[in-house]
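Participant: show me the folded form of this:
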Amino acid sequence: MVPILSIFRCTFSIMFIGDYRIEIIPDTEFRLDGGAMFGVVPRVLWARVCSPDELNRIRLNMNCLFVETPHEKILIETGIGEKWSEKETQIYGIFREKPFAETLLEITDCNPEDITIVVNTHLHFDHAGGNTVLSEPQEVATGPVASGTLALQSQPQFPNARYFVSKSEFEHAENSIERDRASYLPENWRPMQESGHLELKPDNYEVVDGLRMEQIRGHSKNMQTFRLDRGGETLYGFADLIPTRHHLSLPWIMGYDLYPTETLEFKKRILPQAVKENWICLFYHDFEMPLCRITEIGGKLEARTYVEN
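Facilitator: Purely as a prediction, here's the structure:
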């Protein structure tokens, strides 16, 4: 019988929720402007917990989730990808030590060909960038490259996977507005559309038994969060609504959010439930502690390691 939550120590941890194996696949360090990441919060406050570099950027990561069921090998999010020009790499402070496929193999013993389902909560480049890779090894130009050109040069990184994204998110990505157009790069979804790997889903749906996607408006109109219920435990992924543990405080909301007041209402609703039910929470962009449980101490929400002492 598989225990509800098992932690095995070796070179990395293997986590089971019920009979599902769970792994965090960190993509790579990158950096975004601290002011944009914390919105109306003054730098004098957020800099105490996230020290900025000389360009006012803070360190972030993309913590993708691997879920292995008896019948599927699922990847939720694929990181920022490897199709960036030298100029873009400098702008976003991308510090890649190894390809995503290598990290995936080291942690899960799976190659990209073994993944059967890829789920994107939304199609922003830092969540869907690893959906595709360049068709042939080559240097990406140092200057801006037309998205249409890269779409033609790209192919699915997970050739045997079904790619899931909500129909409403796909339609918005194809017809994005000036406010968020820079976040949508067609090379991250059109190759799957053309190859027949892309499956458009409802706003709320079940990926496999116990793993559900729910559309929550706040960061964007159509972004989804995920919730995995198995063996008496809950694992919840906030995606970009609460990107790091430092965003637990209610007014600490990203300047990138299109609907910040709705993000606030979501936090008011979901965080007390996460505390009460002792959820394991995934902070997608947290550089140091992607998996946490949340406690309330003296009226303040705090993240603590998910491993029970």
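
Participant: may I have stretch 69-79 as PDB, with CA atoms only?
Facilitator: What follows is stretch 69-79, C-alpha atoms only, in PDB (Å, rounded to 0.1, in the frame of the first residue of the first chain):
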ATOM      1  CA  THR A  69      -0.100   8.000 -12.600                       C
ATOM      2  CA  PRO A  70      -0.500   4.300 -13.300                       C
ATOM      3  CA  HIS A  71      -1.300   5.200 -16.900                       C
ATOM      4  CA  GLU A  72       0.100   8.700 -17.700                       C
ATOM      5  CA  LYS A  73       3.200  10.800 -17.400                       C
ATOM      6  CA  ILE A  74       2.000  14.400 -17.100                       C
ATOM      7  CA  LEU A  75       3.900  17.700 -17.100                       C
ATOM      8  CA  ILE A  76       2.200  20.800 -15.900                       C
ATOM      9  CA  GLU A  77       3.900  23.800 -17.500                       C
ATOM     10  CA  THR A  78       7.200  23.600 -19.500                       C
ATOM     11  CA  GLY A  79       9.100  26.700 -18.300                       C
END
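
Participant: and it, how far out from the chain middle?
Facilitator: Relative to its parent chain, stretch 69-79 has a centroid offset of 13 Å by Cα atoms, centre = their mean, to the nearest Å.

Participant: and if you look at stretch 66-81?
Facilitator: 11 Å.

Participant: what about that stretch, how long is it end to end?
Facilitator: 16 Å (Cα to Cα, to the nearest Å).

Participant: repeat that for stretch 104-115.
Facilitator: First-to-last residue span, stretch 104-115, Cα to Cα: 10 Å.

Participant: low-confidence ranges in the chain?
Facilitator: Of all residues in the chain, those with pLDDT under 70 make up the ranges 1-13, 137-152, 307-309.

Participant: looking at it, which helix is longest?
Facilitator: As assigned by DSSP state H, the longest helix anywhere in the chain is helix 260-276.

Participant: so what touches it?
Facilitator: In this structure, residues lying in contact with helix 260-276 by Cβ atoms under 8 Å, 6 or more residues apart in numbering are 39, 216-219, 236, 238, 241-242, 248, 250-251, 253-254, 257, 279, 281, 294-296, 301. Glycine gets a C-beta too; all of them are placed from N, C-alpha and C.

Participant: CA atoms of stretch 24-44 as PDB?
Facilitator: Extracted in PDB, the C-alpha atoms of stretch 24-44 (Å, rounded to 0.1, in the frame of the first residue of the first chain):
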ATOM      1  CA  ILE A  24       9.200  19.400  -9.200                       C
ATOM      2  CA  ILE A  25      11.200  20.000 -12.400                       C
ATOM      3  CA  PRO A  26      12.900  23.400 -12.000                       C
ATOM      4  CA  ASP A  27      13.600  24.900 -15.400                       C
ATOM      5  CA  THR A  28      16.100  27.700 -15.000                       C
ATOM      6  CA  GLU A  29      16.800  30.900 -13.100                       C
ATOM      7  CA  PHE A  30      15.500  34.100 -14.700                       C
ATOM      8  CA  ARG A  31      14.900  37.600 -13.500                       C
ATOM      9  CA  LEU A  32      12.100  40.100 -13.700                       C
ATOM     10  CA  ASP A  33      11.700  43.700 -12.400                       C
ATOM     11  CA  GLY A  34      11.000  43.700  -8.700                       C
ATOM     12  CA  GLY A  35       8.600  46.600  -8.900                       C
ATOM     13  CA  ALA A  36       6.600  44.800 -11.600                       C
ATOM     14  CA  MET A  37       6.600  41.600  -9.500                       C
ATOM     15  CA  PHE A  38       5.200  43.400  -6.400                       C
ATOM     16  CA  GLY A  39       3.000  46.100  -7.900                       C
ATOM     17  CA  VAL A  40       2.000  48.800  -5.500                       C
ATOM     18  CA  VAL A  41       4.200  47.500  -2.700                       C
ATOM     19  CA  PRO A  42       7.100  49.900  -2.100                       C
ATOM     20  CA  ARG A  43      10.700  48.700  -2.900                       C
ATOM     21  CA  VAL A  44      11.700  49.500   0.700                       C
END
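
Participant: what about the helices in the stretch 51-200 of the chain?
Facilitator: 86-91, 100-108, 125-128, 147-153, 167-174, 190-195 (DSSP state H, counting those that start in this stretch).

Participant: for residue 285, which of those helices is the nearest?
Facilitator: With Cβ to Cβ as the criterion, residue 285 lies closest to helix 125-128 of the helices of the stretch 51-200 of the chain, at 8.0 Å.

Participant: next helix or strand past the longest helix of the chain?
Facilitator: strand 280-282 (DSSP states H and E).

Participant: the helix or strand just after that following strand versus helix 260-276: what angle between them?
Facilitator: Per DSSP H and E, the first helix or strand lying C-terminal to strand 280-282 is strand 291-297. Using axes from the mean of the first three to the mean of the last three Cα atoms, to 10 degrees, the inter-axis angle of strand 291-297 relative to helix 260-276 is 90 degrees.
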